[in-house]
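> let me see the structure of the following:
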Amino acid sequence: MRTAKTMSVAMLAAVAWLAVAACLPASAQFGSVLGKIGDKVQKGKQVKDNYTPWTPQQEEQVGQASAARLINIFGLYENQDMVRYVNLVGNAVAAQAPRLMPYKFGILNTEIITALSLPGGYVFITRGALANMTSEAELAGTLAHEIAHVDQRHLEKEIRSKNSMKMIQNEVSEFTSGELQQLAGNSINTALTQHYSRDKESDADRLGVTFAQKAGYQASGLRLFLTLLENAPKTPETQRQLSLWGTTHPPFPERIASLQTQEASLPSGGVSLEARYAQHINAGAWAAKQ
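Coordinates of the predicted model:
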């Protein structure tokens, strides 16, 4: 385990943190959104073809249904302080993304180490991932990678490509309940079991590092977390915990090398905030594991 460094708060990170904190209630952010998932399905116009992005309403519709399925699989870790903290960090980073949209961050109640995103700004990180991080910069970098996937519509493009011939009707047709459930199922299957293409993963790493760095964090956050995972003992338990990450992401050495190259071109500085991370996350995450 790495030794915690002395906390040094950069002005940019402090401003971003306070700005986000001011607009978020103290209660957990994700629960209020999930309460709407069981409501009557909102219908939207069907896309014309495989190349037409979903409307904001369609994207949210698919995201809600997909999030509900994912939560049904793993469950949510209901620790109010941890959920609020993850939302604060996530929204500070998401504010740097070009596509303005509401993001919702949740903690999945599993020791499996992974993070994933769904259409509509639904971003999840697992309790296992949080328990193995040591700084806020690592959390910010990991969430930023997933935010970049949403910002660039990576999962949506994968789904549209696979379902275009089945789903396309005409300009005025609507998602039926069955079509929506099919889209939600394909979202979860893709997010949990399949690689994005190499160019999409490279884009998410590159953009994510930029988002985190612009929010005031050290650009090395994601790379340091991936390095920790790469150097973890190759025990059966570790391999089980990393099974989903290995399925859905490129090999660690490849990503680490690419991130090192990118970091060399970015301004130095930024905060890591080990002490603040430990205050909000590690104790709760490890306690839940025992």
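> quick check: phi and psi at residue 106.
With angles defined as degrees, to the nearest 10, residue 106 sits at phi -130, psi 160.
> what's the local residue count around it?
Other residues near residue 106 come to 27 when the count uses other CB atoms under 10 Å. (Glycine included, C-beta is placed from N, CA and C.)
> remind me which residues of the stretch 51-200 of the chain are low pLDDT?
Residues of the stretch 51-200 of the chain that meet the criterion pLDDT under 70 lie in 51, 161-176, 193-197.
> 80 instead, please
The model of the stretch 51-200 of the chain has pLDDT under 80 over residues 51-54, 158-200.
> now the helices for it?
When secondary structure is read from DSSP state H, counting those that start in this stretch, the stretch 51-200 of the chain shows helices at 56-74, 80-94, 127-131, 136-151, 154-167, 177-193, 198-214.
> comparing those helices, which comes out most buried?
Ranked by mean neighbour count, these are led by helix 136-151 with a mean of 28 (mean count of other CB atoms under 10 Å).
> could you check the angle that helix makes with helix 80-94?
With axes from the mean of the first three to the mean of the last three CA atoms, to 10 degrees applied, the angle from helix 136-151 to helix 80-94 works out at 60 degrees.
> that older thread, could I get the helices of the stretch 51-200 of the chain as a markdown table with distance to residue 113?
Below are the helices of the stretch 51-200 of the chain laid out as a markdown table (distance: least, CB to CB, whole Å):
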| stretch | distance to residue 113 |
| --- | --- |
| helix 56-74 | 13 |
| helix 80-94 | 15 |
| helix 127-131 | 4 |
| helix 136-151 | 10 |
| helix 154-167 | 20 |
| helix 177-193 | 13 |
| helix 198-214 | 17 |
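> of those, which approaches residue 221 most closely?
Relative to residue 221, the nearest member of these by CB to CB is helix 136-151, separated by 3.1 Å.
> elements contacting that closest one?
Contact here means 3 or more CB pairs under 8 Å, 6 or more residues apart in numbering; DSSP states H and E; on that basis helix 136-151 packs against helix 80-94, strand 115-118, strand 122-126, helix 198-214, helix 221-230, helix 274-277.
> residue 224: which of the helices of the stretch 51-200 of the chain is closest?
helix 136-151 (5.8 Å).
> using PDB, list the CA coordinates for the closest one.
The C-alpha coordinates for helix 136-151 follow below in PDB (Å, rounded to 0.1, in the frame of the first residue of the first chain):
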ATOM      1  CA  GLU A 136      -9.400  11.300  -4.200                       C
ATOM      2  CA  ALA A 137      -7.300  11.800  -7.400                       C
ATOM      3  CA  GLU A 138      -7.600   8.000  -8.100                       C
ATOM      4  CA  LEU A 139     -11.400   8.200  -7.600                       C
ATOM      5  CA  ALA A 140     -11.600  11.300  -9.800                       C
ATOM      6  CA  GLY A 141      -9.500   9.700 -12.600                       C
ATOM      7  CA  THR A 142     -11.600   6.500 -12.500                       C
ATOM      8  CA  LEU A 143     -14.900   8.300 -12.600                       C
ATOM      9  CA  ALA A 144     -13.600  10.700 -15.300                       C
ATOM     10  CA  HIS A 145     -12.800   7.700 -17.600                       C
ATOM     11  CA  GLU A 146     -16.500   6.600 -17.300                       C
ATOM     12  CA  ILE A 147     -17.800  10.200 -17.700                       C
ATOM     13  CA  ALA A 148     -15.800  10.400 -21.000                       C
ATOM     14  CA  HIS A 149     -17.600   7.200 -22.200                       C
ATOM     15  CA  VAL A 150     -20.900   8.900 -21.500                       C
ATOM     16  CA  ASP A 151     -19.800  12.200 -23.000                       C
END
